[in-house]
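Asker: Below are the sequence and a predicted model; questions follow.
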There are 2 protein chains.
Amino acid sequence: MAHSDVPKPTSAELAILQVLWDRGPSTVRDVHGVLNDDKPTGYTTVLKLMQIMLEKGLLERDDSRRQHVYTPSVAADRTQRQLIGDLIDRAFSGSAQKLVMQALSAKRISREELDEIRALLDDIERQSS
Amino acid sequence: MAHSDVPKPTSAELAILQVLWDRGPSTVRDVHGVLNDDKPTGYTTVLKLMQIMLEKGLLERDDSRRQHVYTPSVAADRTQRQLIGDLIDRAFSGSAQKLVMQALSAKRISREELDEIRALLDDIERQSS
DNA sequence: TGATTTCGACGAAACACTTCGTACATTGGG
DNA sequence: CCCAATGTACGAAGTGTTTCGTCGAAATCA
């Protein structure tokens, strides 16, 4: 958590963030609607979670209207990098390469996607020279 | 957890696994020695954790000697893939490609490592044809 | 052998995460 | 104006994780 003011989201919190990143600013009802389709969840459960996330600084909200509208206070990619960095440290002895290589073996990736990755590799290599 | 009989290790458990993967079969004292260097930890704390991990099936032990000797019951790479898969699902909407691309941006990777990754990409592509 | 050290077992406490019941406020329709 | 519906706030309980103190057994050594 050293390099950011926002804490690492927990599992349930991440599910909520995903919805908000997807839909943009949303009410508790909106978020509950989405999550409840995946997995039955109480409305107040989601509400409480979002209130806690507000306290933690994970979310911001507009409470000028009756139905409070929540937005993530961090972008998806930043959080994703935070989680990856954490995993690299905790499970891959700090080696990003090891993680990437395991990830490539872990799930099937289409040829098109492989090509995109290759292009990114080229970019990185070009920048470092 | 659907595809494996061993549960996902928690954070503290993962630290212990790392030591065991590194050093091979070890006693509680050994593990405690290593962890305690990073971060002051009580001996019994590590002991208890390892006992719990034994119950969960994360570790196996030889208690024929007085100092019980513990070994991980799962290989490092398998656990790593489990954790990656989990992260892909929870934070990257199931897209391994997204994770890989974020990982490549998240930490600096040396040219040699980039080349190794490229080689792996070639392997994968070759196999899928 | 008796004292000291080393070890594992066990229980409990502290903490964090998750879930939900209940209470209370606001709004809109009849 | 009152009722039903829709919201938020709050507290508490259930669960899992982490930490550690205390105990007794076993080994070591003087």
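Answerer: Right, received. Where do you want to start? As the structure is a prediction and not an experimental result, all values here were calculated from the model.
Asker: Quick check: residues of chain A near DNA strand D?
Answerer: A:Thr27, A:Val28, A:Arg29, A:Tyr43, A:Thr44, A:Leu47, A:Lys48, A:Gln51, A:Asp63, A:Arg66, A:Gln67, A:His68 (C-beta under 7 Å from any atom of the strand). Every C-beta, even on glycine, is put in place using the N, C-alpha and C of the backbone.
Asker: where along chain A do the helices fall?
Answerer: Residue ranges of the helices in chain A, as given by DSSP state H, are A:11-23, A:28-38, A:43-56, A:76-91, A:96-106, A:111-127.
Asker: Report whether the first one contacts DNA strand C.
Answerer: Translated: helix A:11-23. Yes: counting by C-beta under 7 Å from any atom of the strand, contacts between helix A:11-23 and DNA strand C involve A:Ser11, A:Ala12, A:Glu13.
Asker: and the residues of chain A next to DNA strand D, which are buried?
Answerer: Among the residues of chain A next to DNA strand D, those buried by neighbour count (16 or more other C-beta atoms under 10 Å in any protein chain shown) are A:Thr27, A:Val28, A:Leu47, A:Gln51.
Asker: Pick the one among the residues you listed closest to DNA strand D.
Answerer: A:Val28 (3.9 Å; C-beta to the nearest atom of the strand).
Asker: my read: that closest one touches A:Val69, true?
Answerer: No: counting by C-beta atoms under 8 Å, A:Val28 does not reach A:Val69; the two are 9.4 Å apart.
Asker: OK, contacts around A:Ser128?
Answerer: B:Arg111 (C-beta atoms under 8 Å, 6 or more residues apart in numbering or on different chains).
Asker: could you redo the last one with a cut-off of 10 Å?
Answerer: Shown in contact with A:Ser128 (C-beta atoms under 10 Å, 6 or more residues apart in numbering or on different chains): B:Arg108, B:Ile109, B:Ser110, B:Arg111, B:Leu114.
Asker: Find me the pLDDT at A:Ala106, would you?
Answerer: On the pLDDT scale, A:Ala106 is placed at 83.
Asker: What is the burial count for it?
Answerer: A:Ala106: 21 surrounding residues under other C-beta atoms under 10 Å in any protein chain shown.
Asker: same question, the one 10 residues further on
Answerer: Applying other C-beta under 10 Å, we find 15 residues neighbouring A:Glu116.
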